[in-house]
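Chemist: structure here, sequence nowhere to be found:
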């Protein structure tokens, strides 16, 4: 009985971590989708120059969005198993996707009346590799140049923020 408990307790904790982690990840994705729907009118591009440089610019500024995401124990466990055999670690793909999308949303929210965000760049770094008892975390930084055109000459495809 004692040996069965030694196996069942860690297995139960892993399953609990998987269940809670899955629920929290789904809730975060729902929030991301809602916020993306609110900010979908602001195009974000890696282009360095304006599409129509003849339009007068009312304002431009550096915008950035930063997020730090922690890895849950179940994903760490799956990643450790995958490193034994090699290949892509799928359990971390959703973590990086959520981090990138959240960073872009925070960047858009920093300048909500931008008509376009140019020169999008990402920086990703590991804050804690998760050695020992430390939990692994990553930081995703998105930055670019937010541009708002002059009100009178705003391109027709760009909604007017004053109408919001």
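Modeler: That came through, no problem. All of these numbers come straight from a predicted model, not from anything done at the bench. Numbering: from 1, shown residues only.
Chemist: check what pLDDT the closest residue to residue 35 other than its chain neighbours gets.
Modeler: Nearest residue to residue 35 in three dimensions, chain neighbours excluded: residue 105, at 5.0 Å (CB to CB, 6 or more residues apart in numbering). No exception for glycine: its C-beta is placed from N, CA and C like everyone else's. pLDDT for residue 105: 93.
Chemist: list the contacts for residue 105?
Modeler: By CB atoms under 8 Å, 6 or more residues apart in numbering, the contact set of residue 105 is 32, 35-36, 39, 65.
Chemist: in whichever helix in the chain runs longest, what's buried?
Modeler: The longest helix of the chain (DSSP state H) is helix 2-39. Neighbour counts over helix 2-39 (16 or more other CB atoms under 10 Å) mark 17-18, 21, 32, 35 as buried.
Chemist: confirm residue 69 sits in a strand?
Modeler: Yes: Residue 69: assigned to a strand according to DSSP: H, G, I helix; E, B strand; the rest coil.
Chemist: who's it bridged to?
Modeler: residue 138 (DSSP bridges).
Chemist: tell me where this protein has strands.
Modeler: With strands called from DSSP state E, the chain shows them at 57-70, 116-128, 137-149.
Chemist: okay if I get those as CSV plus distance to residue 46?
Modeler: Converted to CSV, the strands of the chain look like this (distance: least, CB to CB, whole Å):
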stretch, distance to residue 46
strand 57-70, 14
strand 116-128, 5
strand 137-149, 8
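Chemist: of all the ones you listed, which lies closest to residue 51?
Modeler: strand 116-128 (7.6 Å; CB to CB).
Chemist: what is the mean pLDDT for the closest one?
Modeler: Strand 116-128 comes out at a mean pLDDT of 87.
Chemist: nearest to residue 98 among the contacts of residue 105?
Modeler: residue 32 (6.9 Å).
Chemist: now that closest one: closest residue in space, sequence neighbours ignored.
Modeler: Nearest one to residue 32, counting by CB to CB, 6+ apart, is residue 101 at 5.3 Å.
Chemist: retrieve the pLDDT associated with the one you found.
Modeler: 92.
Chemist: that one: neighbour count?
Modeler: Counted with other CB atoms under 10 Å, residues neighbouring residue 101 total 20.
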